[in-house]
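Participant: no sequence for this one, just the structure:
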């Protein structure tokens, strides 16, 4: 199973979990950052996870800076398993995990993690693909 497939499986396993701001565990609740971190960790990501952020009043550049890492690369063509950043309102941003034909996200209005079909109701600001550790090591070995 590829890193992207593992990310989707983990995100879908969280569907139905309750929404909780700053939540990081399925049992206690997840927010969009917690859901994304859960999926990325299942895919092999070992880096830091943002904390101490506000629900509103942020700037896109702040989120972009937090997410741009060596383990994630920007993509203009998001595929299942990639991280999506949406602008849900003025100064409001939301992370999700792309699935086949939709995306998984922690929905604050519905108070739970859900999977929605495409198209998303918000503009996409950016998307990132997780660098598959096995593929990266194979490339370095050449």
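Facilitator: Thanks, I have it. Computed from a predicted model, the values in this text were never measured in an experiment. Numbers count the residues shown, from 1 in each chain.
Participant: hey, where'd the helices end up in this protein?
Facilitator: 3-13, 32-42, 60-67, 133-141 (DSSP state H).
Participant: ok, of those, where does mean pLDDT dip lowest?
Facilitator: Among these, helix 133-141 has the lowest mean pLDDT, at a mean of 44.
Participant: Spatially central, which residue of the protein would that be?
Facilitator: With distances taken as CA atoms, centre = their mean, residue 36 lies nearest the centre of the chain, 3.3 Å away.
Participant: Show me the shaky parts of this protein.
Facilitator: Within the chain, the segments meeting pLDDT under 70 span 52-71, 132-142.
Participant: quick one, strands of it?
Facilitator: 24-25, 29-30, 72-74, 83-89, 92-99, 102-107, 112-117, 124-130 (DSSP state E).
Participant: just to revisit the earlier point, what about the closest residue to the residue nearest to the centre of the chain other than its chain neighbours, neighbour count?
Facilitator: Closest residue to residue 36 apart from its sequence neighbours, by CB to CB, 6 or more residues apart in numbering: residue 95 at 4.5 Å. In this view, the C-beta of every residue, glycine as well, is placed from N, C-alpha and C. Under the neighbour criterion other CB atoms under 10 Å, residue 95 is assigned a count of 23.
Participant: mind listing what the residue nearest to the centre of the chain touches?
Facilitator: 83, 95, 96, 97 (CB atoms under 8 Å, 6 or more residues apart in numbering).
Participant: What's opposite the last one in the beta bridge?
Facilitator: Residues found in beta-bridge contact with residue 97 (criterion: DSSP bridges) are residue 83, residue 104.
Participant: returning to that earlier point: okay if I get the contacts of residue 36 as a markdown table plus distance to residue 126?
Facilitator: Formatted as a markdown table, these follow (distance: CB to CB, whole Å):
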| residue | distance to residue 126 |
| --- | --- |
| 83 | 9 |
| 95 | 10 |
| 96 | 12 |
| 97 | 14 |
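Participant: from what I can see residue 78 touches residue 85, true?
Facilitator: No - using CB atoms under 8 Å, residue 78 is not in contact with residue 85, being 10.2 Å away.
Participant: Report the set of residues contacting both of these two.
Facilitator: With CB under 8 Å, 6+ apart as the test, residue 78 and residue 85 both reach 124, 127.
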